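Novice: Quick one, fold the following:
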Amino acid sequence: MPKPLVLSERRGAVALLTLNRPDKLNAINVPLIEALDAALDAALADDAVRAIVVAGAGRAFSAGFDLDMGMGDGTPDPAQVRRALENDFRIILRFWDAPKPTIAAVHGYCLGSALELALACDLTVASEDCRFGEPEVKFGSGIVALLLPWLAGPKAAKYLLLTGDDRVSAAEAQAMGLVNRVVPAAALLDEAIALAARIAANDAQAVRLTKLAINRSLDIGGMRQALLAALETDVFIETHETAESREFNEIVKRDGAKAAIAWRAGRTG
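Specialist: Sure, this is the predicted structure:
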């Protein structure tokens with residue numbers, strides 16, 4: 001039997017959902033999204049569950065989305081790219097919109113759209129060894145869910161997104177407002193579940209409506225419309241080739257991603 005891509009278990013009133021693709025650093029592909037959808041559906045439908053924790057198995061929370069956009073001939077299919085990006089956007093926003101509180105427990109690596117998923121959770125607990133970043137610009141890609149400027153401010157967002165720095169420490173991420181707590185790696189799950197249990201012990205309706213009110217305040221400020229506009233920008237980036245992106249992709253196919261990034265650095269260094 002194939003191993004489940006998301007492990008689900010109950011810890012009292014807390015549902016623990018664990019991304020379970022450790023051989024790929026829990027890179028999120030379509031089957032994993034489908035499994036995460038099902039696990040979220042079950043947790044939200046269970047009246048005994050009052051808070052949800054999402055974590056990652058193995059060495060990392062997640063290295064981000066592992067997109068297969070049907071580029072077998074090297075030319076992206078715009079319709080297929082759009083579907084893939086919209087699906088990624090949807091699963092990220094499910095954590096933001098969930099009527100029950102969501103907490104991300106991140107360790108190892110929390111990169112790319114996995115960082116956006118962690119941001120979409122109501123709270124984030126990180127291990128001291130976790131490294132954060134959104135390296136999309138290094139690969140000529142865009143941002144699926146542009147939550148960073150709303151949650152960390154434009155300066156932090158521009159630093160992370162324009163440099164592509166993927167070695168931001170947990171302490172630095174906490175200073176930027178991306179993380180609520182930084183804890184020893186061995187204590188990560190216990191701390192996240194204890195925090196979820198603390199929330200779960202409160203009045204369920206008050207928690208649900210307070211979360212809704214906080215999120216609504218950002219939507220009134222235009223966040224939802226801005227996220228949808230940024231998604232359109234990402235679709236454009238992924239489907240419009242330039243001379244630079246064409247050469248970069250040719251090097252990736254011929255020599256690998258590290259060689260392509262070195263080529264790009266050499267052009268501007």
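
Novice: Give the residue spans of this structure that score low on pLDDT.
Specialist: Low-confidence segments of the chain (pLDDT under 70): 67-76, 269.

Novice: quick one: the strands in it?
Specialist: Ranges of strands in the chain, per DSSP state E, are 6-11, 14-19, 51-56, 102-106, 109-111, 123-127, 131-133, 168-169, 181-183.

Novice: Now tabulate the ones you listed in a markdown table and tack on mean neighbour count.
Specialist: Any C-beta I mention is one placed from the backbone N, CA and C, and that applies to glycine too. Listed next are these as a markdown table, based on neighbours: other CB atoms under 10 Å:
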| stretch | mean neighbour count |
| --- | --- |
| strand 6-11 | 16 |
| strand 14-19 | 24 |
| strand 51-56 | 26 |
| strand 102-106 | 28 |
| strand 109-111 | 27 |
| strand 123-127 | 26 |
| strand 131-133 | 23 |
| strand 168-169 | 19 |
| strand 181-183 | 18 |
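
Novice: could I get the ones you listed as CSV with distance to residue 249?
Specialist: As requested, those are arranged in CSV below (distance: least, CB to CB, whole Å):
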stretch, distance to residue 249
strand 6-11, 31
strand 14-19, 28
strand 51-56, 29
strand 102-106, 30
strand 109-111, 20
strand 123-127, 33
strand 131-133, 21
strand 168-169, 26
strand 181-183, 37
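
Novice: Go through the ones you listed and name the closest to residue 266.
Specialist: strand 131-133 (21.4 Å; CB to CB).

Novice: So for residue 227, which of the strands of the chain sits nearest?
Specialist: Of all the strands of the chain, strand 102-106 comes closest under CB to CB, at 17.1 Å.

Novice: List the pairing partners of the closest one within its sheet, with orientation.
Specialist: Strand 102-106 has the following strand partners under DSSP bridges: strand 51-56 (parallel), strand 123-127 (parallel).

Novice: Turn those strands into CSV, including distance to residue 232.
Specialist: Listed next are these as CSV, based on distance: least, CB to CB, whole Å:
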stretch, distance to residue 232
strand 51-56, 27
strand 123-127, 27
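
Novice: Now do the longest helix belonging to the chain: which elements does it pack against?
Specialist: Longest helix in the chain by number of residues (criterion: DSSP state H): helix 78-97. In terms of contacts (3 or more CB pairs under 8 Å, 6 or more residues apart in numbering; DSSP states H and E), helix 78-97 is packed against helix 30-45, helix 113-120, helix 223-239.

Novice: Tell me which of these sits most buried.
Specialist: helix 113-120 (a mean of 27; mean count of other CB atoms under 10 Å).

Novice: Other residues contacting that helix?
Specialist: Contacting residues not belonging to helix 113-120 are listed as 26, 28, 54, 61-65, 88, 91-96, 102, 104, 106, 110, 124, 132-134, 143-145, 147-148, 151, 178 [CB atoms under 8 Å, 6 or more residues apart in numbering].

Novice: neighbours of residue 137, just the number please.
Specialist: If you count neighbours by other CB atoms under 10 Å, residue 137 ends up with 16.

Novice: mind checking how far it is from residue 120?
Specialist: Distance from residue 137 to residue 120, counting by CB to CB, to the nearest Å: 21 Å.

Novice: okay, the angle between the longest helix of the chain and helix 113-120?
Specialist: Counting by axes from the mean of the first three to the mean of the last three CA atoms, to 10 degrees, helix 78-97 lies at 30 degrees to helix 113-120.

Novice: Thank you kindly, that will do.
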